[in-house]
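**Q** Prediction below, plus the sequence it came from.
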Amino acid sequence: MALPQDLLHLERGRFRPICRLFDTGLAAALLLSLLPLFALTVLVIRCGGGGPAFFFQSRVGRNGTFFLVYKLRTMNRQAGPGLTAADDARVTKIGGGVRRYRIDEWPQMLNILVGQMSFVGPRPELPCFLADYGPHLPLLLSVRPGLTDPATLASLDEAEILRGVDDPEAFYREHLLPKKLALSARYKLRRNFCRDLAVLLQTGVALIRPGRKDQP
């Protein structure tokens, strides 16, 4: 899917440098300010659950390149599907609380600092789902993946949807992924800096609002 010329100009001109400057500045500021809480969380995971505190997983990045996404470990090291349902027995007791507020995603600010990710962009998928991008492939791989976007906000109850599903990966591929890809592609065509700020604000509110369900 080719980008319209005006959007190409926006991507290559003013928007991309501003976005990158914002990403690095915010990531550095958050990492420094959250360092005490982050260190405490690492210690609790390490002492309470056994095994390493960090988890690394290959994901699809910009231009279709693969990179290692950084996360805090919230599950035991038992093999299983790449997706996590709300009733997944692999999630540790400590991990359930960490996942609830997406604290396990905080290390991805390091991915942002090194230029592999952005704060706002389509979530990086597992390589096994790359063939399912269909017509959205060129558009979505033309930008850095992100921590959040409208598709992420619309699927905050994904873990609950996958609860009790016999084959979470097949269900995700057939029912959830197409909607997420379409929504991310639609946002990409309308994206600007102010909309990105609005998405970040909406994400923050969604993570702290009362009555939230546990998240994937």
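**A** Yes, it's here.

**Q** other SSEs contacting the one helix or strand Val205 maps to?
**A** Element membership for Val205 (DSSP states H and E) is helix 193-208. Helix 193-208 is packed against helix 16-33, strand 118-120, strand 146-148, helix 150-154, with contacts defined by 3 or more C-beta pairs under 8 Å, 6 or more residues apart in numbering; DSSP states H and E. Quick note: C-beta positions are derived from backbone N, CA and C, even for glycine.

**Q** which residues are contacting the last one?
**A** Outside helix 150-154, the residues that touch it by C-beta atoms under 8 Å, 6 or more residues apart in numbering are 122-123, 146, 179-181, 183-184, 186-187, 199, 202-203, 206.

**Q** what do you get for the third one?
**A** Residues external to strand 146-148 that are found in contact with it (C-beta under 8 Å, 6+ apart): 105, 108, 112, 117-123, 152, 199-200, 203.

**Q** if we can go back for a sec, among the helices and strands packed on helix 193-208, which is nearest Thr74?
**A** Counting by C-beta to C-beta, Thr74 lies closest to strand 146-148 out of the helices and strands packed on helix 193-208; the figure is 16.3 Å.

**Q** Tell me the strands beside that closest one, with direction?
**A** Under the criterion DSSP bridges, strand 146-148 sits next to strand 118-120 (parallel) in its sheet.

**Q** Tell me the buried residues in the next helix or strand after the strand it pairs with?
**A** The element immediately downstream of strand 118-120 (helix or strand, assigned by DSSP H and E) is helix 137-140. Buried residues in helix 137-140, defined by neighbour count with 16 or more other C-beta atoms under 10 Å: Leu137, Leu139, Leu140.

**Q** from those residues, which is closest to Gly48?
**A** Lowest distance from Gly48 to the buried residues of helix 137-140 (C-beta to C-beta) belongs to Leu140, with 37.3 Å.

**Q** Local confidence estimate at the closest one?
**A** Note for Leu140: predicted pLDDT of 95.

**Q** Does it touch Lys180 like I think?
**A** No. Judged on C-beta atoms under 8 Å, Leu140 makes no contact with Lys180 at a distance of 10.1 Å.

**Q** Give the residues shared as contacts by those two.
**A** Shared contacts of Leu140 and Lys180, defined by C-beta under 8 Å, 6+ apart, comprise Pro122.

**Q** Count the residues that sit near Glu158.
**A** Glu158: 21 surrounding residues under other C-beta atoms under 10 Å.

**Q** next one: phi and psi at it?
**A** As for Glu158, its main-chain torsions (degrees, to the nearest 10) stand at phi -60, psi -40.
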